[in-house]
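Asker: What shape does this take:
(chains A, B, C and D)
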There are 2 protein chains.
Amino acid sequence: MDDKPAGTRSGWKQDPAGVRKNILAVAMAEFAANGLSGARIDDIAEKTNTSKRMIYYYFGDKEGLYGRVLEEAYRQVRTGEQELELDHLPPVEALRSLAEFTFDHHSRHPDFIRIVMIENIHHGAYLEKSELIRLLNAGAIQKLEAICRRGREAGLFRDDVTPLELHWHISASSFFNVSNRATFSRIFGNALFSGEGQNGLKQHLVEMVLALALKPERRPFPSRRAG
Amino acid sequence: MDDKPAGTRSGWKQDPAGVRKNILAVAMAEFAANGLSGARIDDIAEKTNTSKRMIYYYFGDKEGLYGRVLEEAYRQVRTGEQELELDHLPPVEALRSLAEFTFDHHSRHPDFIRIVMIENIHHGAYLEKSELIRLLNAGAIQKLEAICRRGREAGLFRDDVTPLELHWHISASSFFNVSNRATFSRIFGNALFSGEGQNGLKQHLVEMVLALALKPERRPFPSRRAG
DNA sequence: TGCACATTGTACCGGCTGGTTAATTCAGTC
DNA sequence: GACTGAATTAACCAGCCGGTACAATGTGCA
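Answerer: Below is the predicted model:
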(Lines give C-alpha, C1' and ligand atoms only; values in the text may rest on other atoms or scores of the structure.)
Protein backbone atom coordinates (compact mmCIF):
# COMPACT_ATOMS: atom_id res chain seq x y z
CA MET A 1 0.00 0.00 0.00
CA ASP A 2 2.27 2.71 -1.23
CA ASP A 3 -0.49 5.08 -2.21
CA LYS A 4 0.24 8.62 -1.30
CA PRO A 5 -2.11 9.71 1.47
CA ALA A 6 -4.98 11.60 -0.09
CA GLY A 7 -6.05 13.46 3.02
CA THR A 8 -4.96 16.63 4.67
CA ARG A 9 -2.60 15.02 7.14
CA SER A 10 0.70 13.98 5.67
CA GLY A 11 2.98 11.31 6.99
CA TRP A 12 -0.14 9.52 8.15
CA LYS A 13 0.02 5.81 7.83
CA GLN A 14 -3.68 5.21 8.12
CA ASP A 15 -5.55 6.84 5.31
CA PRO A 16 -9.18 7.54 6.18
CA ALA A 17 -9.80 9.75 3.15
CA GLY A 18 -8.34 7.13 0.87
CA VAL A 19 -10.40 4.40 2.46
CA ARG A 20 -13.58 6.41 2.04
CA LYS A 21 -12.72 7.15 -1.55
CA ASN A 22 -11.93 3.54 -2.25
CA ILE A 23 -15.22 2.40 -0.75
CA LEU A 24 -17.13 4.99 -2.73
CA ALA A 25 -15.56 3.98 -6.01
CA VAL A 26 -16.24 0.30 -5.50
CA ALA A 27 -19.75 0.98 -4.25
CA MET A 28 -20.54 3.14 -7.25
CA ALA A 29 -19.57 0.37 -9.61
CA GLU A 30 -21.58 -2.17 -7.65
CA PHE A 31 -24.70 -0.05 -7.33
CA ALA A 32 -24.48 0.90 -10.99
CA ALA A 33 -24.19 -2.76 -11.90
CA ASN A 34 -26.83 -4.21 -9.59
CA GLY A 35 -29.08 -1.48 -8.28
CA LEU A 36 -29.70 -0.53 -4.68
CA SER A 37 -31.34 -3.74 -3.51
CA GLY A 38 -29.32 -5.85 -5.94
CA ALA A 39 -25.93 -4.72 -4.68
CA ARG A 40 -24.44 -6.72 -1.82
CA ILE A 41 -22.55 -5.06 0.99
CA ASP A 42 -20.41 -8.16 1.32
CA ASP A 43 -19.50 -7.99 -2.36
CA ILE A 44 -18.64 -4.33 -2.08
CA ALA A 45 -16.49 -5.02 0.97
CA GLU A 46 -14.80 -7.87 -0.82
CA LYS A 47 -13.70 -5.66 -3.71
CA THR A 48 -12.46 -2.98 -1.37
CA ASN A 49 -9.02 -2.64 0.14
CA THR A 50 -10.72 -2.58 3.51
CA SER A 51 -13.44 -4.46 5.38
CA LYS A 52 -17.20 -4.44 5.69
CA ARG A 53 -16.96 -2.89 9.10
CA MET A 54 -15.38 0.19 7.59
CA ILE A 55 -18.33 0.71 5.29
CA TYR A 56 -20.60 0.95 8.29
CA TYR A 57 -18.07 3.02 10.15
CA TYR A 58 -17.96 5.67 7.44
CA PHE A 59 -21.40 5.48 5.87
CA GLY A 60 -23.73 4.21 8.56
CA ASP A 61 -25.83 1.84 6.52
CA LYS A 62 -26.48 0.69 2.99
CA GLU A 63 -28.78 3.56 2.15
CA GLY A 64 -26.30 6.06 3.53
CA LEU A 65 -23.66 4.59 1.28
CA TYR A 66 -25.98 4.71 -1.69
CA GLY A 67 -26.79 8.34 -0.98
CA ARG A 68 -23.13 9.27 -0.98
CA VAL A 69 -22.56 7.32 -4.17
CA LEU A 70 -25.38 9.24 -5.78
CA GLU A 71 -23.85 12.54 -4.74
CA GLU A 72 -20.44 11.48 -5.94
CA ALA A 73 -21.84 10.44 -9.30
CA TYR A 74 -23.49 13.80 -9.86
CA ARG A 75 -20.40 15.59 -8.63
CA GLN A 76 -18.12 13.82 -11.07
CA VAL A 77 -20.34 14.39 -14.07
CA ARG A 78 -21.24 17.97 -13.35
CA THR A 79 -17.61 18.77 -12.71
CA GLY A 80 -16.71 17.28 -16.07
CA GLU A 81 -19.28 19.47 -17.74
CA GLN A 82 -17.73 22.64 -16.36
CA GLU A 83 -14.76 22.24 -18.62
CA LEU A 84 -16.70 23.02 -21.74
CA GLU A 85 -15.95 26.53 -22.94
CA LEU A 86 -18.56 28.11 -25.17
CA ASP A 87 -18.46 31.85 -24.62
CA HIS A 88 -16.19 32.49 -27.55
CA LEU A 89 -18.56 30.80 -29.99
CA PRO A 90 -21.49 32.48 -31.74
CA PRO A 91 -24.82 31.28 -30.32
CA VAL A 92 -25.70 28.77 -33.02
CA GLU A 93 -22.29 27.15 -32.90
CA ALA A 94 -22.35 27.21 -29.13
CA LEU A 95 -25.69 25.41 -29.06
CA ARG A 96 -24.43 22.88 -31.56
CA SER A 97 -21.33 22.27 -29.46
CA LEU A 98 -23.31 21.94 -26.26
CA ALA A 99 -25.63 19.35 -27.78
CA GLU A 100 -22.76 17.36 -29.23
CA PHE A 101 -20.81 17.55 -26.01
CA THR A 102 -23.78 16.41 -23.92
CA PHE A 103 -24.40 13.49 -26.23
CA ASP A 104 -20.78 12.38 -26.00
CA HIS A 105 -20.44 13.14 -22.32
CA HIS A 106 -23.36 10.93 -21.37
CA SER A 107 -22.00 8.25 -23.63
CA ARG A 108 -18.70 8.35 -21.77
CA HIS A 109 -20.34 8.01 -18.36
CA PRO A 110 -22.60 4.98 -18.49
CA ASP A 111 -22.28 4.35 -14.76
CA PHE A 112 -23.66 7.79 -14.04
CA ILE A 113 -26.57 7.08 -16.36
CA ARG A 114 -27.22 3.80 -14.62
CA ILE A 115 -27.16 5.41 -11.19
CA VAL A 116 -29.67 7.99 -12.34
CA MET A 117 -31.86 5.25 -13.81
CA ILE A 118 -31.75 3.46 -10.50
CA GLU A 119 -32.52 6.63 -8.63
CA ASN A 120 -35.55 7.17 -10.86
CA ILE A 121 -36.71 3.66 -10.10
CA HIS A 122 -36.72 4.82 -6.51
CA HIS A 123 -38.73 7.91 -7.47
CA GLY A 124 -35.81 10.17 -6.66
CA ALA A 125 -36.21 9.50 -2.97
CA TYR A 126 -32.51 9.76 -2.15
CA LEU A 127 -31.83 12.66 -4.45
CA GLU A 128 -34.65 14.34 -2.58
CA LYS A 129 -32.58 14.28 0.59
CA SER A 130 -29.40 15.70 -0.87
CA GLU A 131 -28.97 19.41 -0.77
CA LEU A 132 -25.55 19.02 -2.35
CA ILE A 133 -27.03 17.61 -5.52
CA ARG A 134 -29.49 20.44 -5.81
CA LEU A 135 -26.62 22.90 -5.57
CA LEU A 136 -24.55 20.99 -8.08
CA ASN A 137 -27.35 20.99 -10.60
CA ALA A 138 -28.28 24.59 -10.16
CA GLY A 139 -25.48 25.46 -12.55
CA ALA A 140 -26.19 22.67 -14.98
CA ILE A 141 -28.34 24.83 -17.18
CA GLN A 142 -26.50 28.14 -16.93
CA LYS A 143 -24.41 27.62 -20.04
CA LEU A 144 -27.54 26.98 -22.01
CA GLU A 145 -29.24 30.03 -20.57
CA ALA A 146 -26.31 32.17 -21.60
CA ILE A 147 -26.42 30.78 -25.11
CA CYS A 148 -30.14 31.41 -25.39
CA ARG A 149 -29.78 34.96 -24.14
CA ARG A 150 -27.13 35.69 -26.72
CA GLY A 151 -29.15 33.96 -29.41
CA ARG A 152 -32.23 35.98 -28.67
CA GLU A 153 -30.29 39.22 -28.47
CA ALA A 154 -28.89 38.48 -31.91
CA GLY A 155 -32.41 37.96 -33.21
CA LEU A 156 -31.65 34.36 -34.09
CA PHE A 157 -33.56 32.36 -31.50
CA ARG A 158 -37.26 31.97 -30.96
CA ASP A 159 -38.48 33.27 -27.66
CA ASP A 160 -41.20 30.68 -27.13
CA VAL A 161 -38.69 27.92 -26.54
CA THR A 162 -37.12 28.07 -23.10
CA PRO A 163 -33.59 26.99 -22.17
CA LEU A 164 -35.14 24.43 -19.83
CA GLU A 165 -37.04 22.86 -22.67
CA LEU A 166 -33.99 22.75 -24.89
CA HIS A 167 -32.07 21.16 -22.06
CA TRP A 168 -34.85 18.61 -21.68
CA HIS A 169 -34.72 17.62 -25.36
CA ILE A 170 -30.94 17.39 -25.44
CA SER A 171 -30.91 15.37 -22.23
CA ALA A 172 -33.66 13.06 -23.39
CA SER A 173 -31.79 11.93 -26.47
CA SER A 174 -28.41 11.80 -24.79
CA PHE A 175 -29.72 9.89 -21.82
CA PHE A 176 -31.92 7.45 -23.72
CA ASN A 177 -29.01 6.69 -26.00
CA VAL A 178 -27.23 5.08 -23.08
CA SER A 179 -30.03 4.00 -20.79
CA ASN A 180 -32.02 2.02 -23.33
CA ARG A 181 -29.24 0.67 -25.46
CA ALA A 182 -29.72 -2.90 -24.26
CA THR A 183 -33.40 -3.28 -25.08
CA PHE A 184 -33.35 -1.08 -28.15
CA SER A 185 -30.47 -2.87 -29.78
CA ARG A 186 -31.90 -6.25 -28.93
CA ILE A 187 -35.17 -5.35 -30.64
CA PHE A 188 -33.98 -3.28 -33.56
CA GLY A 189 -30.36 -4.28 -34.03
CA ASN A 190 -27.06 -2.57 -33.43
CA ALA A 191 -27.01 -0.30 -36.45
CA LEU A 192 -27.61 2.88 -34.49
CA PHE A 193 -24.92 2.03 -31.97
CA SER A 194 -22.01 1.64 -34.32
CA GLY A 195 -19.66 4.57 -34.65
CA GLU A 196 -21.44 5.63 -37.79
CA GLY A 197 -24.87 5.16 -36.29
CA GLN A 198 -23.97 7.22 -33.25
CA ASN A 199 -22.60 10.03 -35.36
CA GLY A 200 -25.79 10.02 -37.35
CA LEU A 201 -27.93 10.24 -34.25
CA LYS A 202 -25.81 13.01 -32.85
CA GLN A 203 -25.89 15.04 -36.03
CA HIS A 204 -29.61 14.64 -36.38
CA LEU A 205 -30.08 15.59 -32.76
CA VAL A 206 -28.18 18.78 -33.49
CA GLU A 207 -30.37 19.45 -36.51
CA MET A 208 -33.49 18.95 -34.47
CA VAL A 209 -32.35 21.14 -31.63
CA LEU A 210 -31.29 23.92 -33.94
CA ALA A 211 -34.53 23.63 -35.86
CA LEU A 212 -36.37 24.01 -32.59
CA ALA A 213 -34.34 26.87 -31.21
CA LEU A 214 -33.90 29.04 -34.27
CA LYS A 215 -36.46 31.29 -35.82
CA PRO A 216 -37.71 29.63 -39.00
CA GLU A 217 -36.27 32.25 -41.28
CA ARG A 218 -32.83 31.93 -39.69
CA ARG A 219 -32.40 28.22 -40.07
CA PRO A 220 -29.04 27.38 -41.56
CA PHE A 221 -30.38 24.22 -43.16
CA PRO A 222 -30.68 22.51 -45.69
CA SER A 223 -28.02 20.41 -44.12
CA ARG A 224 -26.08 19.71 -47.28
CA ARG A 225 -28.49 20.18 -50.14
CA ALA A 226 -29.44 23.15 -52.24
CA GLY A 227 -30.41 26.15 -50.20
CA MET B 1 -64.49 -15.03 -6.78
CA ASP B 2 -67.18 -14.61 -9.37
CA ASP B 3 -64.82 -14.08 -12.26
CA LYS B 4 -65.81 -15.91 -15.34
CA PRO B 5 -63.31 -18.62 -16.15
CA ALA B 6 -60.86 -17.22 -18.63
CA GLY B 7 -59.46 -20.51 -19.87
CA THR B 8 -60.34 -22.78 -22.72
CA ARG B 9 -62.21 -25.31 -20.66
CA SER B 10 -65.70 -24.23 -19.75
CA GLY B 11 -67.70 -25.51 -16.84
CA TRP B 12 -64.44 -25.59 -14.93
CA LYS B 13 -64.69 -24.58 -11.36
CA GLN B 14 -61.04 -24.08 -10.69
CA ASP B 15 -59.57 -21.29 -12.74
CA PRO B 16 -55.90 -21.80 -13.56
CA ALA B 17 -55.86 -19.19 -16.26
CA GLY B 18 -57.39 -16.68 -13.91
CA VAL B 19 -54.90 -17.52 -11.20
CA ARG B 20 -52.01 -17.08 -13.62
CA LYS B 21 -53.41 -13.78 -14.81
CA ASN B 22 -53.90 -12.56 -11.28
CA ILE B 23 -50.35 -13.47 -10.32
CA LEU B 24 -48.98 -11.77 -13.42
CA ALA B 25 -50.87 -8.56 -12.75
CA VAL B 26 -49.74 -8.37 -9.14
CA ALA B 27 -46.18 -9.31 -10.03
CA MET B 28 -46.01 -6.66 -12.74
CA ALA B 29 -46.98 -3.98 -10.27
CA GLU B 30 -44.48 -5.24 -7.72
CA PHE B 31 -41.59 -5.58 -10.14
CA ALA B 32 -42.38 -2.17 -11.62
CA ALA B 33 -42.38 -0.69 -8.16
CA ASN B 34 -39.33 -2.41 -6.70
CA GLY B 35 -37.24 -3.94 -9.44
CA LEU B 36 -36.27 -7.55 -9.86
CA SER B 37 -34.16 -7.96 -6.75
CA GLY B 38 -36.24 -5.45 -4.82
CA ALA B 39 -39.56 -7.24 -5.31
CA ARG B 40 -40.44 -9.86 -2.70
CA ILE B 41 -42.12 -13.10 -3.66
CA ASP B 42 -43.85 -13.15 -0.31
CA ASP B 43 -45.25 -9.68 -0.92
CA ILE B 44 -46.45 -10.65 -4.37
CA ALA B 45 -48.12 -13.77 -2.96
CA GLU B 46 -49.72 -11.71 -0.22
CA LYS B 47 -51.40 -9.37 -2.70
CA THR B 48 -52.60 -12.25 -4.82
CA ASN B 49 -55.83 -14.17 -4.49
CA THR B 50 -53.71 -17.30 -4.20
CA SER B 51 -50.60 -18.50 -2.41
CA LYS B 52 -46.86 -18.42 -2.89
CA ARG B 53 -46.98 -22.07 -3.79
CA MET B 54 -48.96 -21.23 -6.91
CA ILE B 55 -46.36 -18.76 -8.10
CA TYR B 56 -43.75 -21.50 -8.13
CA TYR B 57 -46.21 -23.96 -9.59
CA TYR B 58 -46.93 -21.77 -12.60
CA PHE B 59 -43.71 -19.82 -13.05
CA GLY B 60 -40.95 -21.99 -11.67
CA ASP B 61 -38.90 -19.38 -9.92
CA LYS B 62 -38.58 -15.65 -9.44
CA GLU B 63 -36.74 -15.07 -12.67
CA GLY B 64 -39.26 -17.10 -14.59
CA LEU B 65 -42.00 -14.93 -13.18
CA TYR B 66 -40.10 -11.79 -14.07
CA GLY B 67 -39.60 -13.03 -17.61
CA ARG B 68 -43.31 -13.59 -18.07
CA VAL B 69 -44.07 -10.20 -16.58
CA LEU B 70 -41.70 -8.65 -19.09
CA GLU B 71 -43.44 -10.41 -21.96
CA GLU B 72 -46.83 -9.43 -20.68
CA ALA B 73 -45.78 -5.80 -20.36
CA TYR B 74 -44.59 -5.67 -23.96
CA ARG B 75 -47.67 -7.52 -25.12
CA GLN B 76 -50.05 -5.07 -23.48
CA VAL B 77 -48.30 -2.00 -24.80
CA ARG B 78 -47.71 -3.22 -28.33
CA THR B 79 -51.30 -4.39 -28.53
CA GLY B 80 -52.46 -0.94 -27.49
CA GLU B 81 -50.37 0.58 -30.25
CA GLN B 82 -52.07 -1.49 -32.92
CA GLU B 83 -55.24 0.47 -32.51
CA LEU B 84 -53.80 3.60 -34.04
CA GLU B 85 -55.06 4.06 -37.58
CA LEU B 86 -52.94 6.23 -39.83
CA ASP B 87 -53.37 5.01 -43.38
CA HIS B 88 -56.04 7.53 -44.20
CA LEU B 89 -53.82 10.47 -43.26
CA PRO B 90 -51.33 12.18 -45.55
CA PRO B 91 -47.74 11.37 -44.58
CA VAL B 92 -46.95 14.53 -42.67
CA GLU B 93 -50.11 14.35 -40.64
CA ALA B 94 -49.59 10.66 -40.06
CA LEU B 95 -46.11 11.27 -38.72
CA ARG B 96 -47.38 14.02 -36.49
CA SER B 97 -50.12 11.76 -35.16
CA LEU B 98 -47.73 8.90 -34.56
CA ALA B 99 -45.36 11.08 -32.57
CA GLU B 100 -48.16 12.56 -30.50
CA PHE B 101 -49.69 9.17 -29.91
CA THR B 102 -46.39 7.64 -28.83
CA PHE B 103 -45.76 10.48 -26.43
CA ASP B 104 -49.19 10.06 -24.84
CA HIS B 105 -49.14 6.30 -24.95
CA HIS B 106 -45.90 6.07 -23.00
CA SER B 107 -47.23 8.61 -20.57
CA ARG B 108 -50.28 6.42 -19.95
CA HIS B 109 -48.18 3.32 -19.27
CA PRO B 110 -45.64 4.23 -16.62
CA ASP B 111 -45.41 0.66 -15.34
CA PHE B 112 -44.32 -0.51 -18.76
CA ILE B 113 -41.68 2.19 -18.82
CA ARG B 114 -40.45 1.15 -15.41
CA ILE B 115 -40.27 -2.50 -16.41
CA VAL B 116 -38.21 -1.55 -19.45
CA MET B 117 -35.94 0.60 -17.29
CA ILE B 118 -35.43 -2.34 -14.99
CA GLU B 119 -34.76 -4.64 -17.88
CA ASN B 120 -32.14 -2.24 -19.17
CA ILE B 121 -30.50 -2.22 -15.77
CA HIS B 122 -30.17 -5.96 -16.31
CA HIS B 123 -28.64 -5.35 -19.75
CA GLY B 124 -31.66 -6.84 -21.47
CA ALA B 125 -30.71 -10.31 -20.26
CA TYR B 126 -34.29 -11.55 -19.91
CA LEU B 127 -35.55 -9.88 -23.02
CA GLU B 128 -32.73 -11.70 -24.73
CA LYS B 129 -34.36 -15.02 -23.89
CA SER B 130 -37.83 -14.19 -25.10
CA GLU B 131 -38.65 -15.00 -28.67
CA LEU B 132 -42.18 -13.73 -28.10
CA ILE B 133 -40.96 -10.22 -27.43
CA ARG B 134 -38.89 -10.18 -30.57
CA LEU B 135 -41.96 -11.15 -32.55
CA LEU B 136 -44.11 -8.56 -30.82
CA ASN B 137 -41.66 -5.82 -31.57
CA ALA B 138 -41.07 -6.77 -35.15
CA GLY B 139 -44.23 -4.90 -36.04
CA ALA B 140 -43.54 -1.94 -33.79
CA ILE B 141 -41.94 0.04 -36.54
CA GLN B 142 -44.05 -0.98 -39.50
CA LYS B 143 -46.46 1.91 -39.25
CA LEU B 144 -43.55 4.30 -39.33
CA GLU B 145 -42.02 2.52 -42.29
CA ALA B 146 -45.27 2.84 -44.19
CA ILE B 147 -45.46 6.52 -43.41
CA CYS B 148 -41.89 7.08 -44.55
CA ARG B 149 -42.46 5.19 -47.77
CA ARG B 150 -45.48 7.30 -48.57
CA GLY B 151 -43.64 10.44 -47.58
CA ARG B 152 -40.73 9.70 -49.84
CA GLU B 153 -42.95 8.71 -52.74
CA ALA B 154 -44.69 12.04 -52.40
CA GLY B 155 -41.32 13.77 -52.55
CA LEU B 156 -41.79 15.22 -49.07
CA PHE B 157 -39.39 13.25 -46.93
CA ARG B 158 -35.63 13.18 -46.91
CA ASP B 159 -34.12 9.85 -47.79
CA ASP B 160 -31.09 10.10 -45.52
CA VAL B 161 -33.21 9.73 -42.41
CA THR B 162 -34.37 6.19 -41.79
CA PRO B 163 -37.61 5.11 -40.14
CA LEU B 164 -35.53 3.44 -37.45
CA GLU B 165 -33.83 6.70 -36.62
CA LEU B 166 -37.11 8.56 -36.49
CA HIS B 167 -38.46 5.88 -34.22
CA TRP B 168 -35.41 6.25 -32.01
CA HIS B 169 -35.91 10.01 -31.63
CA ILE B 170 -39.62 9.73 -30.93
CA SER B 171 -39.02 6.94 -28.44
CA ALA B 172 -36.21 8.78 -26.71
CA SER B 173 -38.33 11.79 -25.87
CA SER B 174 -41.44 9.81 -25.04
CA PHE B 175 -39.57 7.39 -22.85
CA PHE B 176 -37.38 9.91 -21.06
CA ASN B 177 -40.46 11.96 -20.31
CA VAL B 178 -41.68 9.19 -18.03
CA SER B 179 -38.50 7.45 -16.97
CA ASN B 180 -36.65 10.51 -15.69
CA ARG B 181 -39.52 12.52 -14.36
CA ALA B 182 -38.52 12.01 -10.73
CA THR B 183 -34.96 13.28 -10.96
CA PHE B 184 -35.62 15.90 -13.60
CA SER B 185 -38.49 17.50 -11.74
CA ARG B 186 -36.58 17.41 -8.48
CA ILE B 187 -33.68 19.26 -10.06
CA PHE B 188 -35.44 21.63 -12.43
CA GLY B 189 -38.96 21.89 -11.04
CA ASN B 190 -42.34 20.66 -12.22
CA ALA B 191 -43.02 23.20 -14.92
CA LEU B 192 -42.51 20.78 -17.80
CA PHE B 193 -44.75 18.18 -16.22
CA SER B 194 -47.87 20.25 -15.84
CA GLY B 195 -50.56 19.81 -18.48
CA GLU B 196 -49.30 22.88 -20.24
CA GLY B 197 -45.67 21.86 -20.00
CA GLN B 198 -46.41 18.41 -21.38
CA ASN B 199 -48.32 19.84 -24.31
CA GLY B 200 -45.44 22.14 -25.04
CA LEU B 201 -42.94 19.30 -25.01
CA LYS B 202 -45.14 17.20 -27.22
CA GLN B 203 -45.69 19.97 -29.74
CA HIS B 204 -42.02 20.77 -29.88
CA LEU B 205 -41.19 17.10 -30.27
CA VAL B 206 -43.50 17.05 -33.29
CA GLU B 207 -41.80 20.11 -34.71
CA MET B 208 -38.40 18.55 -34.28
CA VAL B 209 -39.40 15.26 -35.81
CA LEU B 210 -41.02 16.90 -38.79
CA ALA B 211 -38.05 19.18 -39.23
CA LEU B 212 -35.86 16.13 -39.29
CA ALA B 213 -37.99 14.04 -41.60
CA LEU B 214 -39.03 16.59 -44.16
CA LYS B 215 -36.94 17.98 -46.96
CA PRO B 216 -35.94 21.52 -46.01
CA GLU B 217 -37.94 23.11 -48.79
CA ARG B 218 -41.09 21.23 -47.78
CA ARG B 219 -41.16 22.21 -44.18
CA PRO B 220 -44.57 23.49 -43.14
CA PHE B 221 -43.11 25.75 -40.52
CA PRO B 222 -42.90 28.57 -39.32
CA SER B 223 -45.06 27.15 -36.59
CA ARG B 224 -47.36 30.10 -36.22
CA ARG B 225 -45.51 33.01 -37.72
CA ALA B 226 -45.36 34.44 -41.19
CA GLY B 227 -44.91 31.93 -43.93
C1' DT C 1 -67.00 -45.56 -8.51
C1' DG C 2 -62.30 -45.44 -9.20
C1' DC C 3 -58.33 -43.82 -11.75
C1' DA C 4 -55.02 -40.32 -13.45
C1' DC C 5 -53.70 -35.99 -13.39
C1' DA C 6 -53.99 -31.02 -12.43
C1' DT C 7 -54.26 -27.79 -8.76
C1' DT C 8 -53.70 -26.12 -4.06
C1' DG C 9 -52.64 -25.62 1.29
C1' DT C 10 -49.42 -26.07 5.04
C1' DA C 11 -45.45 -26.13 7.06
C1' DC C 12 -40.87 -25.86 6.80
C1' DC C 13 -35.75 -24.93 5.61
C1' DG C 14 -31.02 -23.28 4.66
C1' DG C 15 -28.22 -19.75 3.83
C1' DC C 16 -27.73 -15.27 2.40
C1' DT C 17 -27.40 -10.49 4.00
C1' DG C 18 -27.61 -6.24 6.45
C1' DG C 19 -25.97 -5.01 10.55
C1' DT C 20 -23.51 -5.42 15.31
C1' DT C 21 -20.39 -6.44 19.44
C1' DA C 22 -16.36 -6.01 21.43
C1' DA C 23 -11.67 -6.24 21.41
C1' DT C 24 -7.27 -4.20 19.05
C1' DT C 25 -4.08 -1.15 16.77
C1' DC C 26 -2.48 3.32 15.42
C1' DA C 27 -0.88 8.19 15.84
C1' DG C 28 -0.44 12.27 18.30
C1' DT C 29 -0.14 14.62 23.04
C1' DC C 30 1.64 15.65 27.62
C1' DG D 1 5.59 5.94 27.97
C1' DA D 2 0.94 6.17 29.65
C1' DC D 3 -3.42 8.28 27.84
C1' DT D 4 -6.94 9.26 24.27
C1' DG D 5 -9.70 9.16 20.44
C1' DA D 6 -9.74 7.73 15.76
C1' DA D 7 -9.26 3.77 12.71
C1' DT D 8 -9.51 -1.17 12.11
C1' DT D 9 -10.25 -6.21 12.67
C1' DA D 10 -12.60 -10.54 13.33
C1' DA D 11 -16.28 -13.15 14.76
C1' DC D 12 -20.91 -13.29 15.16
C1' DC D 13 -26.15 -12.94 14.72
C1' DA D 14 -31.15 -12.54 13.74
C1' DG D 15 -34.42 -12.70 10.45
C1' DC D 16 -35.57 -12.25 5.89
C1' DC D 17 -36.45 -14.63 1.65
C1' DG D 18 -36.34 -17.71 -2.26
C1' DG D 19 -37.50 -22.10 -2.64
C1' DT D 20 -39.36 -27.00 -1.32
C1' DA D 21 -41.67 -31.49 0.63
C1' DC D 22 -45.60 -33.58 0.97
C1' DA D 23 -50.06 -34.27 1.74
C1' DA D 24 -54.71 -33.12 0.25
C1' DT D 25 -58.26 -31.93 -2.85
C1' DG D 26 -60.56 -30.91 -7.20
C1' DT D 27 -61.81 -32.50 -12.05
C1' DG D 28 -62.67 -35.09 -16.16
C1' DC D 29 -63.09 -39.62 -17.83
C1' DA D 30 -64.08 -44.62 -18.35
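Asker: and chain A, which residues reach DNA strand D?
Answerer: A:Gln14, A:Asp15, A:Pro16, A:Val19, A:Thr50, A:Ser51, A:Lys52, A:Arg53, A:Met54, A:Tyr57 (Cβ under 7 Å from any atom of the strand). All C-beta spots, glycine's among them, are computed from the backbone N, C-alpha and C.
Asker: show me where chain A has helices.
Answerer: Using DSSP state H, the helices of chain A run over A:16-34, A:41-46, A:52-59, A:62-82, A:91-108, A:110-121, A:125-129, A:131-138, A:142-153, A:163-179, A:181-188, A:195-213.
Asker: name the helices or strands packed onto the longest one?
Answerer: This means helix A:62-82. helix A:16-34, helix A:41-46, helix A:52-59, helix A:91-108, helix A:110-121, helix A:125-129, helix A:131-138 (3 or more Cβ pairs under 8 Å, 6 or more residues apart in numbering or on different chains; DSSP states H and E).
Asker: Tell me which residues of the fourth one come out buried.
Answerer: So that's helix A:91-108. Neighbour counts over helix A:91-108 (16 or more other Cβ atoms under 10 Å in any protein chain shown) mark A:91-92, A:94-103, A:105-107 as buried.
Asker: Run through the residues that contact the closest residue to A:Gly67 other than its chain neighbours.
Answerer: With Cβ to Cβ, 6 or more residues apart in numbering or on different chains as the criterion, A:Gly67 has its nearest non-adjacent residue at 5.0 Å, and that residue is A:Tyr126. When the contact criterion is Cβ atoms under 8 Å, 6 or more residues apart in numbering or on different chains, the partners of A:Tyr126 are A:Glu63, A:Tyr66, A:Gly67, A:Leu70, A:Glu119.
Asker: From those, keep the buried residues only.
Answerer: Among the contacts of A:Tyr126, the ones that count as buried by 16+ other Cβ under 10 Å are A:Tyr66, A:Gly67, A:Leu70, A:Glu119.
Asker: tell me the contacts of the residue nearest to the first one when sequence neighbours are not counted?
Answerer: Pointing back at A:Tyr66 there. Leaving aside its sequence neighbours, A:Tyr66 sits nearest to A:Leu36 (Cβ to Cβ, 6+ apart; 5.4 Å). A:Leu36 sits next to A:Lys62, A:Glu63, A:Tyr66, A:Ile118, A:His122, B:Gly38 when contact means Cβ under 8 Å, 6+ apart.
Asker: Could you double-check that the last one sits in contact with A:Ile118?
Answerer: Put plainly, it is B:Gly38. No - using Cβ atoms under 8 Å, B:Gly38 is not in contact with A:Ile118, being 10.2 Å away.
Asker: and the two? which has more neighbours close in?
Answerer: More neighbours surround A:Ile118 than the other of B:Gly38 and A:Ile118, with 26 against 16 (other Cβ atoms under 10 Å in any protein chain shown).
Asker: Neighbours of the residue nearest to the more buried one when sequence neighbours are not counted, how many?
Answerer: Using Cβ to Cβ, 6+ apart and skipping the chain neighbours, the partner closest in space to A:Ile118 is A:Gly35 (5.1 Å). A total of 24 residues lie near A:Gly35 under the criterion other Cβ under 10 Å.
Asker: again with A:Glu153
Answerer: If we define neighbours as other Cβ under 10 Å, then A:Glu153 has 10 of them.
Asker: which residues touch stretch A:185-202?
Answerer: Outside stretch A:185-202, the residues that touch it by Cβ under 8 Å, 6+ apart are A:99-100, A:103-104, A:107, A:173, A:177, A:181, A:184, B:124, B:127-128, B:133-134, B:137, B:140-141, B:164-165, B:167-169.
Asker: hmm, which of those residues are the buried ones?
Answerer: A:99-100, A:103, A:107, A:173, A:177, A:181, A:184, B:124, B:127, B:133, B:137, B:140-141, B:164-165, B:167-169.
Asker: Those also near DNA strand C: which ones?
Answerer: Near DNA strand C, taking Cβ under 7 Å from any atom of the strand as the test, no member of these is found.
Asker: List the buried residues of stretch A:181-189.
Answerer: In terms of neighbour count (16+ other Cβ under 10 Å), stretch A:181-189 has its buried residues at A:Arg181, A:Ala182, A:Thr183, A:Phe184, A:Arg186, A:Ile187, A:Phe188.
Asker: Could you do stretch A:187-200 as well?
Answerer: A:Ile187, A:Phe188, A:Leu192, A:Phe193, A:Gly197, A:Gly200.
Asker: what's near enough to touch the residue nearest to A:Ile118?
Answerer: Counting by Cβ under 8 Å, 6+ apart, A:Gly35 touches A:Ile118, A:Ile121, B:Gly35, B:Ser37, B:Gly38, B:Ile121.
Asker: And for A:Leu84?
Answerer: Contact partners of A:Leu84, counting by Cβ under 8 Å, 6+ apart, are A:Ser97, A:Leu98, A:Phe101, A:Lys143.
Asker: rank the helices of chain A by pLDDT, which is bottom?
Answerer: Among the helices of chain A, helix A:131-138 carries the lowest mean pLDDT, at a mean of 87.
Asker: what distance separates stretch A:81-93 from the centre of its chain?
Answerer: Averaging C-alpha positions (Cα atoms, centre = their mean, to the nearest Å) puts stretch A:81-93 18 Å from its chain's average.
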